[in-house]
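[1] I would like to see how this sequence folds:
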Amino acid sequence: MKKTLVFIMSAAIFFTACKKDNNEDDQLVEDLQYSLKFTNPIDNYEVALGSKVMLCIEPDDNMSYYDYEKHFYIDNQEVNLSEIDVNNIDNIYYNNYAFEWNVTGLSLGNHTLKVEMVNDGTIEARDEITVNIVNPRWEEIDISTLTGGDDYYINDVFLLNDHTGWIAGYNSNGTKFLLKTTDKGATWQIVNNSLSIEKIAFYNENTGVAIADVGKVYKTFDGGNSYFLVTDPATGASLFYDAYDVAFSQMAGEYQVTSPDINGNNKVFRVSLTDNDIIQYTDVMPNSSQLLYEIKFDAANGLIYGMEEDATDLQYIQLSSNNGLNWQGVAIPAPSDWFGGNNNFQVEGGAISGNKIWLTGGDNSDYLSAFSAVSNDAGNTWNILEVDNKLAFDTTSLFDVAIADNGAYAINSSAKYQPAMYFSDNDGNSWKPLYEVTTPTEDQHINFVAFKGSDFGIATGEGVLYRFISN
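    You can find the predicted model right below:
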């Protein structure tokens, strides 16, 4: 069973002011007693047909909110919206009030959305914005019969080409699963349910490696149906006990592992697929406590990133242009908007495609600040910006990012009415929040986003899986 899911695609930049900038509206505000504004959605948003949006308004602080009638209009036709108890919404701005708006029954194209606050028959405050209703671009896929129920968690996503991919995870009832799709996520099949897989990577449809059993590395030659423990040829014991991530470059017959050595030093290992020998290892940030553990390749180009354990104003990544034979450390400073840095600043998401590199993250002390760092020249220059948030939500840290042909998608793990995914098509200078048709519940979160090419995208995490609809 599959449920249609839609994200709101904003035509306005993420930071656009909420009021229309024209003389007529200015005059309306001047003639009214109090100010009032929409904070979600904002003016000129593209709203997906069928989506469920938490409509937020921010009244004047001088108004006694509950003494006023609230009236909402679509194209001057009044609609009834149910008010939401904001105490049940995480991280909503304290001075906002929320209503549930189901975007159904409207035609595609531009519509006016208006709110008025009325006291004893007199309109005391008003705001009006334009929204553009658009067709769906994402849909929800129900995989609960394969995962053992809705209470599942996805550990990792790997997309091999423009139609094939895998997801690995577990259910709260103890069910373990590795699922595969060959039709861009429309349908999924169980590949393996015996191994508790934490990370996965494939060289082709048959050859792959995985991290499971808390840091051990396994390899497969039948697409994940069976896995074999990677052992030390000399001792027969597991070659790794605390591996972080695995990846394939273009080098045939080998894969790479980020892992600490026996002394706790961060290293990246190149390992032979056939005999389990370590071909080469490279120090990654020697004498540093920074964990650089996520590793990704796009052809010969490699990226390693992770989180900072010590409080500094710099994050480091590692880049390679020769299949991981050599790695070069690159410093990523905190955005200048953060007044010279932030002691809790950390890189949490990374993606590489050719010479394009995208990084996302935020302030891990409160997750109320977000940043993006974008390079279009293999890391030589960067566009590093704080991601401002002008919506009614104050959870903005971006935890993962994926590069698509037309830009990049990032997620912030939000649920229950809050935008869980964002899109940027201008190197991170602005981000557009995207919304779902079926609003995730408190127990559903998007933790991962992955893209392959222009029209194969997967967003998933806790209890929910979405796929991008190619038009």
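
[2] contacts, neighbours, all on C-alpha from now
    Noted.

[3] Look up the pLDDT of Asn364 for me, please.
    pLDDT, Asn364: 70.

[4] shouldn't it be in contact with Asn344?
    Yes: shown here, Asn364 and Asn344 form a contact pair, counting by Cα atoms under 8 Å, at 5.6 Å.

[5] Send over the longest strand anywhere in the chain as PDB, restricted to the C-alpha atoms.
    Looking across the chain with DSSP state E, the single longest strand is strand 122-134. The C-alpha coordinates for strand 122-134 follow below in PDB (Å, rounded to 0.1, in the frame of the first residue of the first chain):
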ATOM      1  CA  THR A 122     -14.800  45.400  14.100                       C
ATOM      2  CA  ILE A 123     -11.800  44.100  12.200                       C
ATOM      3  CA  GLU A 124      -8.900  45.000  14.300                       C
ATOM      4  CA  ALA A 125      -6.000  43.200  12.500                       C
ATOM      5  CA  ARG A 126      -5.500  41.500   9.200                       C
ATOM      6  CA  ASP A 127      -2.900  39.800   7.000                       C
ATOM      7  CA  GLU A 128      -3.000  38.400   3.500                       C
ATOM      8  CA  ILE A 129      -0.500  36.400   1.500                       C
ATOM      9  CA  THR A 130      -0.400  34.500  -1.900                       C
ATOM     10  CA  VAL A 131       0.100  30.800  -2.100                       C
ATOM     11  CA  ASN A 132       0.700  28.700  -5.200                       C
ATOM     12  CA  ILE A 133      -0.900  25.300  -5.200                       C
ATOM     13  CA  VAL A 134       1.300  22.700  -7.100                       C
END
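
[6] and whichever helix or strand comes after it, which residues are buried?
    Using DSSP states H and E, the helix or strand that directly follows strand 122-134 along the chain is strand 138-141. Neighbour counts over strand 138-141 (16 or more other Cα atoms under 10 Å) mark 138-141 as buried.

[7] got a list of contacts for the next helix or strand after strand 138-141?
    From strand 138-141 onward toward the C-terminus, using DSSP H and E, the following helix or strand is helix 144-147. Helix 144-147 is contacted from outside by 150, 170-171, 175-177, 189-190, using Cα atoms under 8 Å, 6 or more residues apart in numbering.

[8] Specify the local secondary structure of Asn87.
    Following DSSP: H, G, I helix; E, B strand; the rest coil, the label given to Asn87 is helix.

[9] can you pull up the bridge partners for the residue nearest the centre of the chain?
    Nearest to the mean C-alpha position of the chain, by Cα atoms, centre = their mean, lies Ile411 at 1.9 Å. Listed by DSSP bridges, the beta-bridge partners for Ile411 are Asp400, Met421.

[10] who's in contact with it?
    When contacts are counted by Cα under 8 Å, 6+ apart, Ile411 is found next to 398-401, 420-422, 446-449.

[11] just Phe99 next, same as before
    By Cα under 8 Å, 6+ apart, the contact set of Phe99 is 54-56, 81-84.

[12] Break this structure down into its structural domains.
    2-134, 138-468 (automatic domain parsing).

[13] Not counting residues beside it along the chain, what's closest to Gly457?
    Counting by Cα to Cα, 6 or more residues apart in numbering, Gly457 lies nearest to Phe451, which is 4.3 Å off, once chain neighbours are set aside.

[14] That neighbour - that's part of a strand, no?
    Yes: per three-state DSSP, Phe451 lies within a strand segment.

[15] looking at it, it is touching Tyr466, isn't it?
    No: using Cα under 8 Å, Phe451 is not in contact with Tyr466; the gap is 12.0 Å.

[16] list the residues that contact both of these two?
    Here Phe451 and Tyr466 share the contacting residues Ile458, scored by Cα under 8 Å, 6+ apart.

[17] Number of residues surrounding Tyr456?
    Heads up, residue 456 is Phe, not Tyr. If you count neighbours by other Cα atoms under 10 Å, Phe456 ends up with 22.

[18] again with Asp283
    Burial of Asp283 is recorded as 15 neighbouring residues (other Cα under 10 Å).

[19] bridging residues for it?
    Applying DSSP bridges to Asp283 yields these beta-bridge partners: Lys267.

[20] wait, what's in contact with it?
    The contact partners of Asp283, taken as Cα under 8 Å, 6+ apart, are 265-268.

[21] Redo these as JSON lines? Include distance to Thr282 and pLDDT.
    Listed next are the contacts of Asp283 as JSON lines, based on distance: Cα to Cα, whole Å; pLDDT from 0 to 100:
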{"residue": "Asn265", "distance to Thr282": "10", "pLDDT": "81"}
{"residue": "Asn266", "distance to Thr282": "9", "pLDDT": "86"}
{"residue": "Lys267", "distance to Thr282": "5", "pLDDT": "91"}
{"residue": "Val268", "distance to Thr282": "5", "pLDDT": "95"}
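
[22] Closest one of those residues to Asn276?
    Ranked by distance to Asn276 (Cα to Cα), the contacts of Asp283 are led by Val268 at 14.9 Å.

[23] ok, what's across the strand from the nearest residue to Arg270 once chain neighbours are set aside?
    Distance criterion Cα to Cα, 6+ apart; nearest residue to Arg270, sequence neighbours excluded, is Gln256 at 4.5 Å. Beta-bridge partners of Gln256, counted by DSSP bridges, are Ala247, Arg270.

[24] how close does Gln256 get to Gln77?
    60 Å (Cα to Cα, to the nearest Å).

[25] ditto for Gly215
    59 Å.

[26] Which of these two has more residues huddled nearby?
    Taking other Cα under 10 Å, Gly215 and Gln77 do not tie; Gly215 has more neighbours (19 against 10).

[27] Angles on the backbone of the residue lying closest to that one once chain neighbours are set aside, please.
    Excluding its sequence neighbours, the residue lying closest to Gly215 (Cα to Cα, 6+ apart) is Asp242, at 4.0 Å. With angles defined as degrees, to the nearest 10, Asp242 sits at phi -150, psi 40.

[28] For Asp242, the count of nearby residues, please.
    Using other Cα under 10 Å, Asp242 has 19 neighbouring residues.

[29] can you pick the most crowded of the contacts of Asp283?
    With neighbours taken as other Cα under 10 Å, the top of these is Val268, carrying 26 neighbours.

[30] Surely that one is in contact with Tyr281?
    Yes: counting by Cα under 8 Å, Tyr281 is a contact partner of Val268 at 5.6 Å.

[31] where's Glu58, which helix or strand?
    Using DSSP H and E, the element containing Glu58 is strand 52-59.

[32] Give me the buried entries from the contacts of Phe99.
    By 16+ other Cα under 10 Å, those give 54-56, 81 as buried.

[33] separation between Lys452 and Asn276?
    Counting by Cα to Cα - Lys452 and Asn276 are separated by 29 Å.

[34] Pick out whichever of the two has more residues nearby.
    In this view Lys452 and Asn276 are compared by other Cα under 10 Å, and Lys452 has more residues nearby, 22 against 18.

[35] need the contact list for the residue nearest to Gly215.
    Neighbour list for Asp242: 214-216, 259-260 [criterion: Cα under 8 Å, 6+ apart].

[36] Mind putting those into JSON lines with secondary structure and distance to Ser107?
    Below are the contacts of Asp242 laid out as JSON lines (DSSP: H, G, I helix; E, B strand; the rest coil; distance: Cα to Cα, whole Å):
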{"residue": "Val214", "secondary structure": "coil", "distance to Ser107": "51"}
{"residue": "Gly215", "secondary structure": "coil", "distance to Ser107": "52"}
{"residue": "Lys216", "secondary structure": "strand", "distance to Ser107": "54"}
{"residue": "Ser259", "secondary structure": "strand", "distance to Ser107": "54"}
{"residue": "Pro260", "secondary structure": "strand", "distance to Ser107": "56"}
